[in-house]
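this one's structure only:
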């Protein structure tokens, strides 16, 4: 593997940082990877803006209007830059197109408003509401699609980011496991403990662990970090050490600034910080703010309106498919097409959840022969090769089509389109105070568990991703999770 990096082009004088060598795509010098990605994303955004202007030309067929509107194309790139749409990838270890949906929404809205104002000042035909809506929808869908394609293409043509992991304990193992479960990263690990972390991380079957760029002999953090970055072409440093203190962190920050390496830090006590945290400042003093309040009534009302509209529309559109699935189930095995089971809803209130039947008719009676619920270490279970699953059921589970009848639960108000996974009452009865946060919101057809690993997640990992969702709930999270659900279904990891 070629270890090209921004840091490889830096020269130092007496330990200080000086100007980097000129950027060159051909010779792979300087920060060429990030520069290439920014330009590819800008090209995708330009194509989205052009597509929107083509729609405008169809809606307002005046040549002068089209010529004036084209002048707004450079403005589209400027507004996208102001929204930070070309710099988020550079900073983060992992960044997906779905993470920037709010910024895309704002960018396109501002650009269309600016285009309408430009046409008005030039005395051209105004953009009516219908034309503006069509422009917005075209630009948004095109930008989301092209940005996803561009990032996938960039990951295919650019070598992985050589990433040094400082640490070989539990934090490093957690990092390796998350990199294996979460798609979208593009790293090759380099660490004295990288190989050991991969061995000990308890990766699920079929997981794709991050590549290992190599393995250094241990070096002293205080004296050897800068030399290692320059010698091995390291592009990012991830600090995952339980013994991290302010002095060590200050040294790492100073070294990364001097060498140009990117820096990510895993807090040594993540449980202390929790998930509902934000960092603010009082002058130069950093403050950690913890969210301890419930979502506002207006936020929950918006969520319910979207649930009603989305479930009703989906039921109408998917009714023929649901009828075909019901027929296939009946032909495959005896028993009803639907399976009903009591689950715990919001605040633990029981409700009857509907699913397409994927198991034999007497599956509930056979469960004690397979699982002793009273002996479970955690209040959850998932059988990877459940002998009760039918042939059609296996296909339905793989594509998550067995969940479609839950649209009726969403319509009735027992569930939401997005939320924590609905759990069986007998398992919820075993919850302690720590686990009951899952019941603060309506359970969802999809949610953080389905997107971040599904059945491959341990109980602790499931609680962690669902806690982050519940304690930091915002409507934009629902939009992001709905969009990412399609990718999770296609990959099929953890669906059994």
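Received the coordinates, thanks. All values derive from a computational prediction rather than experimental measurement.

from here on, contacts and neighbour counts on C-alpha atoms
Will do.

can you pull the contacts of residue 144?
Residues touching residue 144, when contacts are defined by Cα atoms under 8 Å, 6 or more residues apart in numbering, comprise 97-98, 101.

Surely residue 302 is within a strand?
No. The assignment for residue 302 is helix, going by DSSP: H, G, I helix; E, B strand; the rest coil, so no strand is present there.

still on that earlier bit, show only the entries of the contacts of residue 144 found in strands.
With strands taken from DSSP state E, there is no overlap with the contacts of residue 144.

and which of those residues is nearest to residue 402?
residue 98 (25.2 Å; Cα to Cα).

can you pull the contacts of the closest residue to that closest one other than its chain neighbours?
The spatial neighbour of residue 98 that comes closest, neighbours along the chain excluded (Cα to Cα, 6 or more residues apart in numbering), is residue 480 at 5.5 Å. Contacts were defined as Cα under 8 Å, 6+ apart; by that measure residue 480 touches 98-99, 101.

and which of the residues you listed is nearest to residue 489?
Taking Cα to Cα as the measure, residue 98 is the one of the contacts of residue 480 closest to residue 489, at 15.5 Å.

thought the closest one was touching residue 484?
Yes. Taking Cα atoms under 8 Å as the contact criterion, residue 98 and residue 484 are neighbours in contact, 7.0 Å apart.

List of residues touching stretch 332-341?
Taking contacts as Cα under 8 Å, 6+ apart, the residues outside stretch 332-341 that touch it are 326-327, 329-330, 352-357, 360-361, 390-392, 424.

Distance of residue 156 relative to residue 438?
Applying Cα to Cα, to the nearest Å, the value for residue 156 to residue 438 is 38 Å.

More neighbours: which of the two?
It is residue 438, of residue 156 and residue 438, that has more neighbours when counted by other Cα atoms under 10 Å, with 27 against 11.

For the more buried one, list the residues it contacts.
Contact criterion Cα under 8 Å, 6+ apart gives 420, 463, 466-467, 470 as the residues in contact with residue 438.

what about the residue nearest to residue 98, helix or strand, and which?
With elements delineated by DSSP states H and E, residue 480 resides in helix 475-491, which encompasses its position.

how about that helix: buried residues?
The neighbour-count check on helix 475-491 (16 or more other Cα atoms under 10 Å) flags 477-478, 480-482, 484-485, 488-489 as buried.

now the strands for the stretch 251-400 of the chain?
Assignment of strands within the stretch 251-400 of the chain using DSSP state E, counting those that start in this stretch yields the ranges 262-265, 277-282, 285-290, 338-344, 350-356.

Then the stretch 51-200 of the chain?
Taking DSSP E, counting those that start in this stretch as the criterion, the stretch 51-200 of the chain contains strands spanning 161-166, 187-190.

Make JSON lines out of those strands and add mean neighbour count.
As requested, these are arranged in JSON lines below (neighbours: other Cα atoms under 10 Å):
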{"stretch": "strand 161-166", "mean neighbour count": "25"}
{"stretch": "strand 187-190", "mean neighbour count": "24"}
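
Ok, which of these comes nearest residue 446?
Comparing these by their distance to residue 446 (Cα to Cα), the top pick is strand 187-190, with 28.3 Å.

starting at the chain centroid, how far to that closest one?
Chain-centre distance of strand 187-190: 20 Å, with Cα atoms, centre = their mean, to the nearest Å.

now stretch 460-473
Shown here is stretch 460-473, whose average C-alpha point lies 13 Å from the average C-alpha point of the whole chain (Cα atoms, centre = their mean).

Residue 268: what's it in contact with?
Taking Cα under 8 Å, 6+ apart as the test, what residue 268 contacts is 171, 240-244.

Looking at the residues you listed, state which has the most neighbours.
Neighbour count (other Cα under 10 Å) singles out residue 240 as the most crowded of those, with 23 neighbours.

Hmm, it is touching residue 167, no?
Yes. The pair residue 240 and residue 167 passes the contact test of Cα under 8 Å, sitting 5.0 Å apart.

So this protein: which segments form each domain?
Here the chain is described, according to automatic domain parsing, as comprising the domains 13-18+160-268, 32-157, 297-491.

Could you count how many residues lie near residue 309?
Residues within reach of residue 309, counting by other Cα under 10 Å, total 11.

Compute the distance between it and residue 446, please.
The gap separating residue 309 from residue 446 is 16 Å, by Cα to Cα.

just residue 316 next, same as before
Plainly put, residue 316 is 19 Å away from residue 446 if you go by Cα to Cα.

Equivalent analysis for residue 145, please.
When Cα to Cα is applied, the distance between residue 145 and residue 446 equals 22 Å.

More neighbours: which of the two?
With other Cα under 10 Å as the criterion, residue 145 and residue 446 differ in neighbour count, and residue 446 comes out ahead with 23 against 14.

these two touch, right, the more buried one and residue 485?
Yes. The criterion here is Cα under 8 Å, and residue 446 meets it with residue 485 at 7.1 Å.

Which parts of the stretch 1-150 of the chain are helices?
Chain-ordered helices for the stretch 1-150 of the chain, with DSSP state H, counting those that start in this stretch as the definition, fall at 32-59, 63-70, 73-82, 88-91, 101-121, 129-157.

Enumerate every residue touching residue 482.
Counted by Cα under 8 Å, 6+ apart, residue 482 has contacts 418, 446-447.

Same list (the residues you listed) but as a markdown table, adding pLDDT.
Output for those, formatted as a markdown table (pLDDT from 0 to 100):
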| residue | pLDDT |
| --- | --- |
| 418 | 94 |
| 446 | 92 |
| 447 | 90 |
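
with those in mind, which one is nearest to residue 320?
Distance to residue 320 across the contacts of residue 482 (Cα to Cα) is lowest for residue 446, with 21.8 Å.

Now do residue 129: how many residues are near it, please.
Counted with other Cα under 10 Å, the neighbours of residue 129 add up to 9.

and if you look at the one 3 residues further on?
Neighbour count for residue 132, taken as other Cα under 10 Å: 21.

For it, list the residues it contacts.
When the contact criterion is Cα under 8 Å, 6+ apart, the partners of residue 132 are 56, 112.

Which pLDDT value goes with it?
Residue 132 carries a pLDDT value of 89.

now residue 28
70.

distance of it from residue 228?
Counting by Cα to Cα, the gap from residue 28 to residue 228 is 20 Å.

Residue 405 now?
56 Å.

So those two - more neighbours on which side?
Under the criterion of other Cα under 10 Å, the comparison of residue 405 against residue 228 puts residue 405 first, with 19 against 15.

State the distance from the residue of the chain most remote from its centre to residue 117.
Taking Cα atoms, centre = their mean, the residue of the chain most remote from its mean C-alpha position is residue 123, at 44.3 Å. In this view, residue 123 and residue 117 are 10 Å apart by Cα to Cα.

what's the overlap in contacts for these two?
In the contact map built from Cα under 8 Å, 6+ apart, no residue is linked to both residue 123 and residue 117.

Pull out the buried residues from stretch 133-145.
Neighbour-count burial for stretch 133-145 flags 135-136, 138-140, 142-144 (criterion: 16+ other Cα under 10 Å).
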